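Engineer: Okay, sequence plus prediction incoming.
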Amino acid sequence: MELNKQSDWVARSLRSVWHPCTQMQHHETIPLIPVSRGKGAWLYDHEGRRYLDAISSWWVNLFGHANPRINAALKDQLDTLEHAMLAGFTHEPVIELSEKLSALTGHVLGHSFYASDGASAVEIALKMSFHSWRNNGHADKQEFVCLKGSYHGETIGALAVTDVALFKDAYGPLLRASQTVMSPDARQAADGETAQDVARRAAADVERLFTERADKIAAIIIEPLVQCATGMAMHDPLYLQLVRALCDKHNVHLILDEIAVGCGRTGTFFACEQANVWPDFLCLSKGISGGYLPLSLVMTRDEIYQAFYSNDVTRGFLHSHSYTGNPLACRAALATLQIFEEDDVLNTNKIKAARLTAALQPLAQHEQVRNFRQRGMIWAFDAIDAPKDFSRRFFASATEHELLMRPIGSTVYMMPPYILSDEEIDGLAANTLAVFNQVMAG
Ligand SMILES: *Cc1c(COP(=O)(O)O)cnc(C)c1O
C-alpha cells in the first residue's frame, strides 16, 4: 500500500482541518492541494507536481520558501533563545528590529509595539489612538474613519473598520459603527479625469466629514497606495498628502495599514514614502518576517509614546499578547531586512517589475481585460463579463498550469516573491494568459 498519497492527505485534512476563508463544501469540486515542501518561488505536492507561488502565499513570502539566509538565522536563534516574555524582559532580536525599523522612518516613528497577526496590529493602533487622545484630555474622540472597500483584518475591532461586504455583513450586529468615506480608487475616474482628480475628490469627502465632526474622530485608517483585499484598487500618492494635511488641520490621527503594502511591495520600503508623509501609526505584518512566522507591529511617534508615559499605571498601554516580540519571529524579520540591504532589493525589483509588465502586455491589451494596473511588485487586471465562479475556476485551472493564483472576484492579481528568475517571470506571464483564455472560454 502506498503511504502518504496525495488523496489520503486530502481526505484527512477535510476530516479534521477547518480551512480559512473557504466554503468547505466547495472542496467537493475544487482541489485541496497538500503541499509537501517549498523551495524558492515553488511549492511541491506529494506527487511531485509544482506550483509557482504567484501570490506569495497570501502576500507574506518575500524571498522564497526555504530561503537559505533566513533558515540559517532561525537555526542559530533556535539554539540561543526561542522565546521569553516581553514584559519586564527584553532581548537582542526585538531591540535590533525596533532600532532598524525606527531608522527606516528617519526616527519619526521611534517606538514599535509587537503582536503576532495583522488584525491584532490594527486593533492596537485603534486602541492606542483612542487611549492617547483620552490621556490628553480628548476622551470624546472615539470614532474611526475607514475607506470604502477597506480591509484591515477580521477580528471584531478590525472588521469594524473593514468595508468588504462578504467578510463583514454576517457580523454586522456585533460591530461598532465606523464612518466610511469615498475610496480614492483611480478606476473611478470619469472621462477626462486623472487619478489625481479622483484623489482630490476622495480627499474632499474626508474634509467634509472632518469639518462636521473631527471633535468626535480619533483616527482615519488607510491602506496606502493599494487597497489590496477589495481587489487591488490603486490610488495616487497625492491622496495621502491631502489626507495627512487634513489630519494635521483637524487633529485626527492617521493610521497607515502597511500590512500588505509595506516591505517593498509597492516599490519603496514603506508605501507612504512615495507620498513623502509619515503617519501617526504604521501597521506592519505579512512580509516583515519573510513569510516565516507570525509577526506584526505598530510603529508610532514619540509624542504618542509620551502620552502614555506616567507614574499612573492606567495611563499606560496595558495591551499584550502571549507571543509579543517573539525572538524567532524578530530574528526572521532581521534576516529579511538584511536581504533588503545585501541584495539592493528595491532596485533589483524595478528591473524584475519592468520585465513582468512587458511580458504581461498580451493580457494588458486583451479584449476581455480592463484596468490593467501595476505598482511595484503588484499587478492586477479585471475580467470583462467574467463567467460565473470565475475566481474558483481560475484557481483550479491555474493549478493545472503550475500556478498558485486566487483572483478576488473578477480581478486577477499577482504579488509574487521578489526572487523570480527571468525564466520564471516569463513563465508566469505566459501561463496566466493561458489560464485566463481557458477560463474565459468557459
Ligand atoms: C492581511 C491584512 C490584514 C490582516 O492581517 P492578518 O495577519 O490576516 O490578521 C490587515 N490589513 C491588511 C491591509 C491586510 O492585507
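Structural biologist: That came through, no problem.
Engineer: Would you indicate which residues of stretch 73-84 are buried?
Structural biologist: For stretch 73-84, burial by neighbour count (16 or more other Cβ atoms under 10 Å) applies to Ala73, Leu74, Gln77. Backbone N, C-alpha and C define where each C-beta goes, glycine included.
Engineer: Confirm for me that the last one is in contact with Pro93.
Structural biologist: Yes - at 6.8 Å, Gln77 counts as touching Pro93 under the criterion of Cβ atoms under 8 Å.
Engineer: where do the contact lists of the two overlap?
Structural biologist: Shared contacts of Gln77 and Pro93 (Cβ atoms under 8 Å, 6 or more residues apart in numbering): Pro327, Arg331.
Engineer: residue nearest the centroid of the protein?
Structural biologist: Taking Cα atoms, centre = their mean, the centroid of the chain lies closest to Ala260, which sits 1.5 Å from it.
Engineer: Next, that residue: secondary structure please.
Structural biologist: In three-state terms, and counting by DSSP: H, G, I helix; E, B strand; the rest coil, Ala260 is coil.
Engineer: before we move on, what about Asp382?
Structural biologist: Following three-state DSSP, Asp382 is assigned to strand.
Engineer: I'd like the distance between it and the ligand.
Structural biologist: Applying Cβ to the nearest ligand atom, to the nearest Å, one obtains 19 Å for the distance of Asp382 from the ligand.
Engineer: Glu92 now?
Structural biologist: In terms of Cβ to the nearest ligand atom, Glu92 sits 25 Å off from the ligand.
Engineer: Residues of the stretch 51-200 of the chain that sit close to the ligand?
Structural biologist: For the stretch 51-200 of the chain, the contact set with the ligand under Cβ under 6 Å from any ligand atom comprises Asp117, Gly118, Ala119, Val122, Tyr151, His152, Gly153.
Engineer: What does the pLDDT read for the residue nearest to the centre of the chain?
Structural biologist: Among the per-residue scores, Ala260 shows a pLDDT of 98.
Engineer: What's the local residue count around the closest residue to the ligand within the stretch 101-250 of the chain?
Structural biologist: Checking the stretch 101-250 of the chain residue by residue against the ligand with Cβ to the nearest ligand atom singles out Gly118 as nearest, at 2.0 Å. By other Cβ atoms under 10 Å, the residues close to Gly118 number 27.
Engineer: I'd guessed it sits against Lys286; true?
Structural biologist: Yes - here Gly118 reaches Lys286: they are 6.4 Å apart, a contact under Cβ under 8 Å.
Engineer: what residues are shared contacts of the two?
Structural biologist: With Cβ under 8 Å, 6+ apart, Gly118 and Lys286 have common neighbours Ile259.
Engineer: Return the subset of the buried residues of stretch 73-84 lying in helices.
Structural biologist: Ala73, Leu74, Gln77 (DSSP state H).
Engineer: okay if I get these as a markdown table plus pLDDT?
Structural biologist: As requested, these are exported to a markdown table (pLDDT from 0 to 100):
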| residue | pLDDT |
| --- | --- |
| Ala73 | 98 |
| Leu74 | 98 |
| Gln77 | 98 |
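Engineer: Just give me the closest of those to His107.
Structural biologist: The closest of those to His107 turns out to be Ala73 (Cβ to Cβ; 25.0 Å).
Engineer: Any regions of the chain where pLDDT drops low?
Structural biologist: By pLDDT under 70, the low-scoring segments of the chain are 1-3.
Engineer: Spit out the contact partners of Thr340.
Structural biologist: Let me fix one detail, which is that residue 340 is Phe and not Thr. Counted by Cβ under 8 Å, 6+ apart, Phe340 has contacts Gly264, Phe269, Leu346.
Engineer: just to revisit the earlier point, so who does the nearest residue in space to the residue nearest to the centre of the chain that is not next to it in sequence touch?
Structural biologist: The spatial neighbour of Ala260 that comes closest, neighbours along the chain excluded (Cβ to Cβ, 6 or more residues apart in numbering), is Cys228 at 4.4 Å. Going by Cβ under 8 Å, 6+ apart, Cys228 touches Trp59, Tyr151, Ala260, Val261, Ile378.
Engineer: Same question for Tyr171.
Structural biologist: Tyr171 neighbours (Cβ under 8 Å, 6+ apart): Ile156, Leu159.
Engineer: if we go to 7 Å?
Structural biologist: Applying Cβ atoms under 7 Å, 6 or more residues apart in numbering to Tyr171 gives the contacts Leu159.
Engineer: same question, the one 5 residues further on
Structural biologist: If a contact means Cβ under 7 Å, 6+ apart, then Arg176 has Ala160 as its contacts.
Engineer: I'd say Leu356 and Ala429 touch.
Structural biologist: Yes - between Leu356 and Ala429 there is a contact under Cβ atoms under 7 Å: 6.4 Å.
Engineer: what touches both of the two?
Structural biologist: Here Leu356 and Ala429 share no contacting residue, scored by Cβ under 7 Å, 6+ apart.
Engineer: returning to that earlier point: could I get the contacting residues of the residue of the stretch 101-250 of the chain closest to the ligand?
Structural biologist: Gly118 is in contact with Gly153, Ile259, Cys283, Ser285, Lys286, Ser296, counting by Cβ under 7 Å, 6+ apart.
Engineer: Now that the second one has come up, it's in contact with Leu282, right?
Structural biologist: No - Ile259 lies out of contact with Leu282 (Cβ under 7 Å); the separation is 9.8 Å.
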